[in-house]
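Engineer: A predicted structure for the sequence below; I have some questions about it.
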There are 2 protein chains.
Amino acid sequence: MQIDTLLTNAHVLTMDPEFHQYRPGAIAINESRILAVGEQKALEKEFTSRECIDCNGKVVMPGLVNTHTHVPMSLMRGLADDLRLDVWLNGYIWPVEREYATPEFVRLGTKISCAEMIRSGVTCFADMYFYESEVAQATAEAGMRALCSQSILKFPTPDARDYEEALEKTREFIKKWKGHPLIVPSIAPHSVYTTTPDILKRCAEMAIEFDIPLHTHISETALEVENMRNDTGMPVVPYVKKQGLLEAKVLAAHCVHIDEGEMRTLVHANAGIAHNPSSNLKLASGIAPVWKMLELGANVGIGTDGPASNNDLDMFEEIRLAAFLAKGASGDPTTLPAQQAIEMATRMGAEAMHMGDITGSLETGKAADLILVDLTPLHNSPNFERDPNGTYAQLVYATHGSDVSDVMVNGQWLMREHKLTTLDESDLLAQAAVYAKQIDAFLLVRERSLLSKLVAISSTTEEESFEIQSKVPIEDFTPVLAALKKPSVKILRERHYHQFDTYFEFEDNSEGRIRYREDHFIEPDGSTSNVRSRLTLIGQARERSFPHEVILSRSRYLAPATQSLRFFREYFKPTGITEIEKDRLRFLIEYKDTEFFVNLDEVINPKLGKFLEIKSKTWSLSDADHKAHLTAELIAFLGVTTGNAVPEDYIEVARKA
Amino acid sequence: MQIDTLLTNAHVLTMDPEFHQYRPGAIAINESRILAVGEQKALEKEFTSRECIDCNGKVVMPGLVNTHTHVPMSLMRGLADDLRLDVWLNGYIWPVEREYATPEFVRLGTKISCAEMIRSGVTCFADMYFYESEVAQATAEAGMRALCSQSILKFPTPDARDYEEALEKTREFIKKWKGHPLIVPSIAPHSVYTTTPDILKRCAEMAIEFDIPLHTHISETALEVENMRNDTGMPVVPYVKKQGLLEAKVLAAHCVHIDEGEMRTLVHANAGIAHNPSSNLKLASGIAPVWKMLELGANVGIGTDGPASNNDLDMFEEIRLAAFLAKGASGDPTTLPAQQAIEMATRMGAEAMHMGDITGSLETGKAADLILVDLTPLHNSPNFERDPNGTYAQLVYATHGSDVSDVMVNGQWLMREHKLTTLDESDLLAQAAVYAKQIDAFLLVRERSLLSKLVAISSTTEEESFEIQSKVPIEDFTPVLAALKKPSVKILRERHYHQFDTYFEFEDNSEGRIRYREDHFIEPDGSTSNVRSRLTLIGQARERSFPHEVILSRSRYLAPATQSLRFFREYFKPTGITEIEKDRLRFLIEYKDTEFFVNLDEVINPKLGKFLEIKSKTWSLSDADHKAHLTAELIAFLGVTTGNAVPEDYIEVARKA
């Protein structure tokens, strides 16, 4: 029979369920598929091929399957390390994503990751990010196979203002990519702590509707589980089961902190598990007890997680670490032996991704996704041959990613003798360098010593916010209150409170100032129902100006102020302290489909008088532009002249007064 | 000033105590030493050089210091993996060492390890093995720097019949190498469980006498500590302190299971610690709490351990793992940040080896031991530059050993642009392949399914023994008992017991047979004082024959037989069972400076009569030769004619009878 390609003189590790090996072995490939795998002599008799490749005795095995990553994040590799997860996310990753994660960024980051993965023998990966259609596009162009999972979060994301929009876009994404020869689209409710029960339900429904996998993070940290237990009385797996998530074909990343009952639930639901040993150590999440999951019959794959928390995509390193950690943590060196580690990184990984029928082993009918590995370099010598298991041990304990010489996906060569065929690495690197320079400059402005000092004592998540704001002195609140009752305004919430602000100022005011605020909630009868205190680092008043004295301001809400004002004064040693007391009527309204805060403030100390203040949170520059325009319009609508607007905080107004 | 070499256009990480960096920086080198390190402009003004090397912006840093390894073991890499430590040592490593560890083997293994280490940026290592003078010779020829530690054990070793001989040879070794520009000789009492208090004391004395480091394994496994506590009531560090060990300049490898008190003791004694994360995981020893040791001020270096238990010598992998594990195990991602990890792998490692005055950082006066590292490959891109700590993070979290392009030791280039200058890798690999083939064949004979089956149920250490033995039927014990009283024989021990042996035989007798033995100890009054049972796998009766029907036999003592005879019968399903009952008078004697067991046996069931049996343990062929000769002589001396000797076990005698 005439075929496209015959690989001969190979040491074939099929990774089929019986772990057949052929040496010398051969593989017959036609178009994108494997026609036959077996002893060389038998295949040479059966097939003639247009291309016959002598593998020089190298190992030929299924390409490695990276079961969990975030490929565009290669552009944030090395951005910041050795940090607490909350500081890393809030201080670095999320601000950079908000500013830079565009379709172009996503495509570039994907291609860089693809190049790195091809070089180290990965042929298939499970991704989860934003603009996932761009990830799919770039991956398909690189010729790799992937499960591309569009993230859904309850927060605004770089690619969606809210989760309704995200779900809608995901539906389009799935329709576009379903049936593609390389890409399997999937939906990714990010995690329990970044979604709502409604999101989880609707994601599961969509996954079932399209019969696609659902990719999510499960029990990555002990904190996640603790919070879930406090909130719902159950750990994470039963909770997601309750939302119907396990009805879908789930790929659960991490599972560091799940108990045996949860493992059984996942096995019963045929959910795949992605084990990410490097990332779990680097972020101090812990060591997932995968050896127990494997004993219970779970499909556990191995993943690198994103290159910003690893910091590479080297599956050989990850396989080795998976085997090492299982031994070290179980106290038994026979735990997770080499053959099983390779199984996790190939066939079982593909099964965990619900793609086991397509890839993961060298078997007739599966796609021709394979790699050639040279086990003869000095760091992997000598070669003992008496034990067929020795080859798996060599692959796990001494092979480097760079020992992979050739990579084929779906019958197409992506690397031949260490040369990539589909990607231009130097071009990708040049583009990445431009981003790195911009991001460095962006972060340099943000990284202030005052911030570090604050972060050091903050007990909870830092949360940055950008706000469009405008402030106009007025004589009387009555006309504004009347205008707020007009039908084109919808009042969503209304509160009355008395605010005592203490500002700490510093010699170098480029670092901004810290505000200690006490909010006294005033009930309709005039009584105080509640007091809360919090710390905020407020940047330069004006990040950017728009017409009509509308400005973009930035502040970082650091933490509930659990210490006394006196403590903070001593800790920060400000060079100046200013106090401002005011009475505030606060309205959350909707105007032209956009949410605004309308504050009617009377500054009592110092006596500055009355002000109308309009604020709206924003996450992107184009959105800020749009809201600045609407703000000016809203002020006019409320019957106030923008001509008098003050582009400053009360503290500046006070200083001038 | 005119000098030999000026490195320019470098990103210099000095790793000096203040962590100075220069970018663009330069390094002035004359002969073997660093003359100056600093800003490029300043150095270019000060020096003119015969060789000026443009480093193209690469990182130039001190070479990595591998603080614990066994370099000749590269020839046993991948020999056997995923095994219990006892099985791995007793079943594979020790038998192969006994058979193959010759000076030639040691030199070849050393050179292969040197090649691998140079390629991945190691310039200095701490070794511990046998024939250490050969290790030193091969290392010096490769141009690397090393602390070469001659092992001392209480057992016979490949290079010494006993520890007296080992100590004597070590003294010669130290005298030969002390003062060498690349080699620091050292003495290595292997561990507490393989030495005696006398060995520890005498090693410490010798180390102090010559002012050289003392290298040992401390608290590698929980079992070692448990045994030490059971035997002495104290953990390992106080015990070695009691033997005076900490008076020497100690390098303590592993320290996985030491408590805070022991850490403080080591710090107080200025002992260095070698942390071996890969090996400790792979052998399931555990995770050493190095972050606590560092907090207490210990000098903790990083080591790969031997390439047979890692299975490579890649320090970049080891550094990354050290940083990862400290975070994962402490639960804090800020633990062991990248800069500190690199410090451990350079200056602090050299200090732990008591070689901090020579190497470990780029400082004026230290040896020119340095490496060039390319941080621009795709797997390490992009490069963020705003944070000087980012470079350390890149080195720890994303650099591969293969990113090292150039290596200099003591002013000599050992690698230039990825080409080794002192070693011929293909020649080394060809030689290694010959050994691998021989060792494979040797082990194939040993690896029998019966053994695997036995190992699976054995609860304690398997212990192989080779014995020279001869057996002669005699009429009467009286003349022999009389001869044993002659002055040329010294009786060291004497016992009387009644033995019940049950032999399990199998269809394929090439696997040997299993003996279940009950020893009933008989007191002088005829009462039975104690009974012990044990299992032994006995190989082919005759491993080798010598004149006068003296033979070399091999048996593996597997375990105390904690199960019933019935259990073993059902478990092994032997095809034949033979029982032999005998009465034995057993003498341990010394004859011509050699120990022999003299057994006066009366085989009661079946009735085979009386026998004189002579046995002596042996560990090498030349020793076996010598003892075979003495055995024949001893039989004659005891007044027995060797002409009737039976070169068989009792079971064969019984079968013939």
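Structural biologist: Nice, I can see it.

Engineer: please name every helix or strand in contact with the helix or strand where A:I34 lies.
Structural biologist: Assigned by DSSP states H and E, A:I34 falls within strand A:33-39. With contacts taken as 3 or more C-beta pairs under 8 Å, 6 or more residues apart in numbering or on different chains; DSSP states H and E, strand A:33-39 sits against strand A:21-30. For the C-beta atoms, the positions are set from N, CA and C on the backbone; glycine is no exception.

Engineer: in the strand it packs on, which residues are buried?
Structural biologist: By neighbour count on 16 or more other C-beta atoms under 10 Å in any protein chain shown, the buried set for strand A:21-30 is A:21-23, A:25-30.

Engineer: just stretch A:409-421 next, same as before
Structural biologist: Buried-residue list, stretch A:409-421, by 16+ other C-beta under 10 Å: A:409-415, A:420.

Engineer: follow-up on the earlier one: and the angle from the strand holding A:I34 to strand A:21-30?
Structural biologist: Computed by axes from the mean of the first three to the mean of the last three C-alpha atoms, to 10 degrees, the angle separating strand A:33-39 from strand A:21-30 equals 150 degrees.

Engineer: shaky segments in the stretch 501-650 of chain A?
Structural biologist: For the stretch 501-650 of chain A, the stretches with pLDDT under 70 are A:510, A:540-542, A:556-559, A:562-563, A:571, A:619-620.

Engineer: need the strands for the stretch 401-550 of chain A, in chain order.
Structural biologist: Taking DSSP state E, counting those that start in this stretch, the strands of the stretch 401-550 of chain A run over residues A:404-409, A:412-416, A:419-420, A:463-474, A:489-505, A:513-522, A:528-538, A:544-546, A:550-560.

Engineer: just to revisit the earlier point, could you say what helices and strands the helix or strand just after the strand holding A:I34 packs with?
Structural biologist: Next in sequence after strand A:33-39, counting helices and strands by DSSP H and E, comes helix A:40-46. With contacts taken as 3+ C-beta pairs under 8 Å, 6+ apart, helix A:40-46 sits against strand A:2-13, strand A:21-30.

Engineer: counting by contacts, list what the last one packs against.
Structural biologist: Strand A:21-30 makes packing contacts with strand A:2-13, strand A:33-39, helix A:40-46 when contacts are defined by 3+ C-beta pairs under 8 Å, 6+ apart.

Engineer: wait, doesn't A:Q412 sit right on A:M144?
Structural biologist: No: taking contacts as C-beta atoms under 8 Å, A:Q412 lies outside contact range of A:M144: 9.9 Å.

Engineer: for A:E417, which non-adjacent residue is spatially closest?
Structural biologist: Distance criterion C-beta to C-beta, 6 or more residues apart in numbering or on different chains; nearest residue to A:E417, sequence neighbours excluded, is A:S405 at 5.8 Å.

Engineer: same thing with A:I514?
Structural biologist: A:F504 (4.4 Å).

Engineer: on that earlier part again, reformat the buried residues of stretch A:409-421 as JSON lines; add pLDDT and distance to A:I635.
Structural biologist: Below are those laid out as JSON lines (pLDDT from 0 to 100; distance: C-beta to C-beta, whole Å):
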{"residue": "A:V409", "pLDDT": "98", "distance to A:I635": "58"}
{"residue": "A:N410", "pLDDT": "98", "distance to A:I635": "59"}
{"residue": "A:G411", "pLDDT": "98", "distance to A:I635": "63"}
{"residue": "A:Q412", "pLDDT": "98", "distance to A:I635": "60"}
{"residue": "A:W413", "pLDDT": "98", "distance to A:I635": "63"}
{"residue": "A:L414", "pLDDT": "98", "distance to A:I635": "58"}
{"residue": "A:M415", "pLDDT": "98", "distance to A:I635": "60"}
{"residue": "A:L420", "pLDDT": "98", "distance to A:I635": "57"}
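
Engineer: now for the residues you listed: which two are most distant?
Structural biologist: For those, the farthest-apart pair by C-beta to C-beta is A:G411 and A:L420; their separation is 16.9 Å.

Engineer: hang on, the earlier thing: filter the buried residues of stretch A:409-421 down to the ones close to chain B.
Structural biologist: Counting by C-beta under 8 Å from any C-beta of the partner chain, nothing from the buried residues of stretch A:409-421 sits close to chain B.

Engineer: which of the residues you listed sits closest to A:D4?
Structural biologist: A:G411 (6.9 Å).

Engineer: relative to chain B, how far out is that closest one?
Structural biologist: Using C-beta to the nearest C-beta, to the nearest Å, A:G411 is found at 25 Å from chain B.

Engineer: which ones are touching the closest residue to that residue other than its chain neighbours?
Structural biologist: In space, and not counting its chain neighbours, A:G411 is closest to A:S32: 3.9 Å by C-beta to C-beta, 6+ apart. A:S32 sits next to A:181, A:367-368, A:410-412 when contact means C-beta atoms under 8 Å, 6 or more residues apart in numbering or on different chains.

Engineer: lowest average confidence, helix or strand, in chain A?
Structural biologist: helix A:449-457 (a mean of 60; mean pLDDT, DSSP states H and E).

Engineer: about what we covered before: so which bits of the strand holding A:I34 are buried?
Structural biologist: For strand A:33-39, a neighbour-count test (16+ other C-beta under 10 Å) marks A:34-38 as buried.

Engineer: average model confidence for that strand?
Structural biologist: Averaging pLDDT along strand A:33-39 gives 98.

Engineer: now for the residue lying closest to A:F155 once chain neighbours are set aside, how many residues are close by?
Structural biologist: Nearest non-adjacent residue to A:F155, counting by C-beta to C-beta, 6+ apart: A:T194, 6.9 Å away. A count of nearby residues for A:T194, using other C-beta atoms under 10 Å in any protein chain shown, gives 16.

Engineer: surely A:T194 touches A:K154?
Structural biologist: Yes: taking C-beta under 8 Å as the definition, A:T194 is a contact partner of A:K154 at 6.2 Å.

Engineer: about what we covered before: can you list the buried residues of strand A:21-30 in CSV and add distance to A:L6 and pLDDT?
Structural biologist: Below are these laid out as CSV (distance: C-beta to C-beta, whole Å; pLDDT from 0 to 100):
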residue, distance to A:L6, pLDDT
A:Q21, 18, 97
A:Y22, 13, 97
A:R23, 16, 96
A:G25, 11, 97
A:A26, 6, 98
A:I27, 7, 98
A:A28, 6, 98
A:I29, 7, 98
A:N30, 10, 96
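
Engineer: perfect, that will be all.
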